[in-house]
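**Student:** What follows is a predicted structure for the sequence shown.
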Amino acid sequence: MKEMTANDDFERFRTGAAKYAAYLETPEGQLRLDLAFANLQDFLPQATRSLLALDLGCGTGAIAVRLARLGLHVTLLDASVPMLDFAKRAAREAGVTDRIALKHGDAAQFANLFHAGSFDVILCHNILEYVDDPCAVLRSAARALRDPSSIISVLVRNQAGEVLKAAIQDGDLAATEHNLTAEWGHESRGAAIYGGEPASHAGRIVTRGNCGAWRTGHVGLLAAEGFPK
């Protein structure tokens, strides 16, 4: 199986923005968003001040717009201009443009783009599996949290999830067996979702059905398991 590269992923996100936006309108896409957002809401800091959020690899802005509707001010970062265009349109249609800031850039450059102590909430949803060094992105995100009540929310496709999907959703036992040992895997829209050391590291931090959120203090615990600051 051909190994996917970061450039392959970038080109797919640049040219496939409309296709991905259409997928999110399907029942499966809506359920995916609803579950991720419901889980995230359980961990949001108490709003004793104006909360600042960052959505890394924001895509079409679907989750960011929901946060803005709750009153958070959200910065959306994405390397794909077409994705940012979708996010801008979604913010306008939802009437939350005053709480949305769009920024074109690469999550791998996080440390150069944002100051320490900038955000109460940082979303790393379906982004870590597409960067060369997810550990570096998480370290930068941890430094950008404002205080101990701040959180990082992580959602990442990983090998264990693909095994379960093939077995339960698709009923494909051959794919299930293959995914147990495969170095590379592909989601339905064609992207590599695990493989090699970086992505396997990312998979180690995932809990609660491939979606988790941690407060600042807990990031230190994760660091001891392979994410040193």
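**Tutor:** Nice, I can see it.
**Student:** for Ser50, helix, strand, or coil?
**Tutor:** Secondary structure state of Ser50, per DSSP: H, G, I helix; E, B strand; the rest coil, is coil.
**Student:** Check the gap between it and Phe119 for me.
**Tutor:** With distances taken as C-beta to C-beta, to the nearest Å, Ser50 is found 12 Å from Phe119. C-beta: built from backbone N, CA, C; applies to glycine.
**Student:** Neighbour count for the two, which is higher?
**Tutor:** The residue with more neighbours, out of Ser50 and Phe119 and counting by other C-beta atoms under 10 Å, is Phe119; that gives 24 against 10.
**Student:** Over to that one: give its phi and psi.
**Tutor:** In this entry, Phe119 is assigned phi and psi values of phi -130, psi 150 (degrees, to the nearest 10).
**Student:** can you pull out the helices in the chain?
**Tutor:** Assigned helices in the chain, in chain order: 6-15, 17-24, 27-41, 62-69, 81-94, 110-113, 134-143, 159-164, 173-181, 196-204, 216-224 (criterion: DSSP state H).
**Student:** Quick check: buried residues in the third one?
**Tutor:** It stands for helix 27-41. Neighbour-count burial for helix 27-41 flags 32-33, 36-37, 39-40 (criterion: 16 or more other C-beta atoms under 10 Å).
**Student:** Redo those residues as TSV? Include pLDDT.
**Tutor:** Compiled in TSV, the buried residues of helix 27-41 are given as follows (pLDDT from 0 to 100):
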residue	pLDDT
Arg32	84
Leu33	90
Ala36	89
Phe37	92
Asn39	87
Leu40	90
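**Student:** Can you name the two of those residues that sit furthest apart?
**Tutor:** The two members of these with the most space between them (C-beta to C-beta) are Arg32 and Leu40, at 12.6 Å.
**Student:** if I look at the closest residue in space to Arg143 that isn't next to it in sequence, how far off is Gly59?
**Tutor:** Computed as C-beta to C-beta, 6 or more residues apart in numbering, the closest residue to Arg143 that is not its neighbour in sequence is Ala116, at 4.8 Å. With distances defined as C-beta to C-beta, the gap from Ala116 to Gly59 amounts to 26 Å.
**Student:** Please say which of the two ends up with more neighbours.
**Tutor:** Comparing Ala116 with Gly59 by other C-beta under 10 Å, the one with more neighbours is Gly59, at 23 against 11.
**Student:** who's in contact with the more buried one?
**Tutor:** Gly59 makes contact with 13, 20, 78, 83, 86-87, 126 under the criterion C-beta atoms under 8 Å, 6 or more residues apart in numbering.
**Student:** go again using 7 Å as the cut-off
**Tutor:** For Gly59, the residues meeting the contact criterion (C-beta atoms under 7 Å, 6 or more residues apart in numbering) are 20, 78, 83.
**Student:** any low-confidence regions in this protein?
**Tutor:** For the chain, residues meeting the criterion pLDDT under 70 lie at 1-15, 157-170, 175-229.
**Student:** repeat that with 90
**Tutor:** Counting by pLDDT under 90, the chain contains low-confidence residues at 1-29, 31-32, 35-36, 39, 41-43, 45-49, 126-136, 138-139, 147-149, 154-229.
**Student:** Was I right to think Val81 contacts His104?
**Tutor:** Yes - between Val81 and His104 there is a contact under C-beta atoms under 7 Å: 6.3 Å.
**Student:** Stretch 105-113 spans what distance, first to last residue?
**Tutor:** Length of stretch 105-113, first residue to last, C-alpha to C-alpha, to the nearest Å: 8 Å.
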